[in-house]
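> Predicted model, plus sequence, below.
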Amino acid sequence: MKVTYNELTMLVYNAIHSLKLELGDIDRITLMVIELELVGLNGVKNITDILENLTINDNLVEKIKSPKFHKNKISFNLQSISIIFYANILVYYLREKLLHKDYISCVIENTSDFLFAYNEYKIFAENGFFVKASWIDNNQNVCYEISPEDPQPTLYFSDNNSNKNTSNIELIISKNIIAKTKDNFTSYISCDALQKIKKDKLSKGIDISSNDWQRLKNIYAKGLVEDTEESRKGAGA
């Protein structure tokens, strides 16, 4: 089925909001989902999978430990929480640090759903930084690179044959050019290809599976029901 940008944005926002989660900016989280979907990277299916396994009023941010910072290196431990619920907070923190630095190396530990930070990394590029992020997902090495002049990143892929941690993201943000990834990657999706996919979806409509659309609606409805039941309990206490 085809839906418009506004229809999809509204349903994703309502589904997330209905769970009353303690997390970052819901508008930004919604945008992360939509931007991933617009470049054909399954934002809707993946957020639906995540939301179906959460409970109402779950306080996600409270579970995260404070970052460790030493010189130009920083690490965050997300305690097995998806990157989508912390990426906007992480970006805010790193932007504050970059006011006084030209380079930061960051490790985001114990997280998942790595591609959901896709749009958040673009914020650094829009502010004049080069960005390189790498991780392992489904036995694939993935590398994300974007320069200040790029509307989209280039994504590189190869089979993973190492014993590297599969729940970490390694991130470099620099005012200076970062060496481009070429070796050891067997395929890629270019910046131009991703931008074309986005333009086509915005002009022709966004294809969403009927199943994923219904699952999102069910999450929204369930959140409303549980919220109503909680309110009734509170009123009767």
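Received, thanks.

> in this structure, which segments are predicted with low confidence?
Applying pLDDT under 70 to the chain flags residues 55-65, 163-165, 182-183, 226-237.

> Please, where are all the strands along it?
Assigned by DSSP state E, the strands in the chain fall at 2-3, 68-70, 73-82, 103-112, 130-137, 140-146, 154-159, 169-174, 187-189, 206-207.

> Now render those strands as a markdown table, adding mean neighbour count and distance to Leu31.
Where C-beta positions appear, they are placed from N, C-alpha and C, glycine not excepted. Formatted as a markdown table, these follow (neighbours: other Cβ atoms under 10 Å; distance: least, Cβ to Cβ, whole Å):
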| stretch | mean neighbour count | distance to Leu31 |
| --- | --- | --- |
| strand 2-3 | 14 | 16 |
| strand 68-70 | 11 | 27 |
| strand 73-82 | 18 | 16 |
| strand 103-112 | 18 | 19 |
| strand 130-137 | 20 | 17 |
| strand 140-146 | 20 | 16 |
| strand 154-159 | 18 | 19 |
| strand 169-174 | 21 | 19 |
| strand 187-189 | 14 | 20 |
| strand 206-207 | 15 | 14 |
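
> could the ones you listed go into CSV alongside distance to Ile89?
Conversion of the strands of the chain to CSV gives the following (distance: least, Cβ to Cβ, whole Å):
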stretch, distance to Ile89
strand 2-3, 29
strand 68-70, 15
strand 73-82, 9
strand 103-112, 11
strand 130-137, 17
strand 140-146, 19
strand 154-159, 24
strand 169-174, 14
strand 187-189, 28
strand 206-207, 27
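
> Quick check, central residue of the protein?
Residue closest to the mean C-alpha point of the chain, counted by Cα atoms, centre = their mean, is Phe116 at 1.9 Å.

> what's the nearest residue to that one if we skip its chain neighbours?
Distances taken as Cβ to Cβ, 6 or more residues apart in numbering put Ile84 closest to Phe116, at 3.8 Å, once the chain neighbours are dropped.

> contacting residues around the one you found?
Listed by Cβ atoms under 8 Å, 6 or more residues apart in numbering, the contact partners of Ile84 are 29, 32-33, 47, 50, 113, 116-117.

> quick one: which of those is nearest Pro67?
Closest approach to Pro67 among those (Cβ to Cβ): Ala117, at 15.4 Å.

> Skipping adjacent residues, who's closest to the closest one in space?
Using Cβ to Cβ, 6+ apart, the closest residue to Ala117 is Ala87 (4.4 Å).

> Equivalent analysis for Ile104, please.
Per Cβ to Cβ, 6+ apart, closest to Ile104 is Ile173, 5.0 Å.

> List the residues that contact that neighbour.
By Cβ under 8 Å, 6+ apart, the neighbours of Ile173 are 94, 98, 103-104, 106, 124, 129-131.

> How many residues are close by the residue nearest to Asn127 when sequence neighbours are not counted?
Nearest residue to Asn127 in three dimensions, chain neighbours excluded: Arg95, at 7.4 Å (Cβ to Cβ, 6+ apart). Other residues lying near Arg95 total 14 when counted by other Cβ atoms under 10 Å.

> can you list the domain ranges for the chain.
1-62+205-237, 64-192 (automatic domain parsing).

> In JSON lines, list those domains along with distance to Lys198.
Shown next, in JSON lines, are those (distance: least, Cβ to Cβ, whole Å):
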{"stretch": "domain 1-62+205-237", "distance to Lys198": "5"}
{"stretch": "domain 64-192", "distance to Lys198": "7"}
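
> That concludes my questions; thank you for your assistance.
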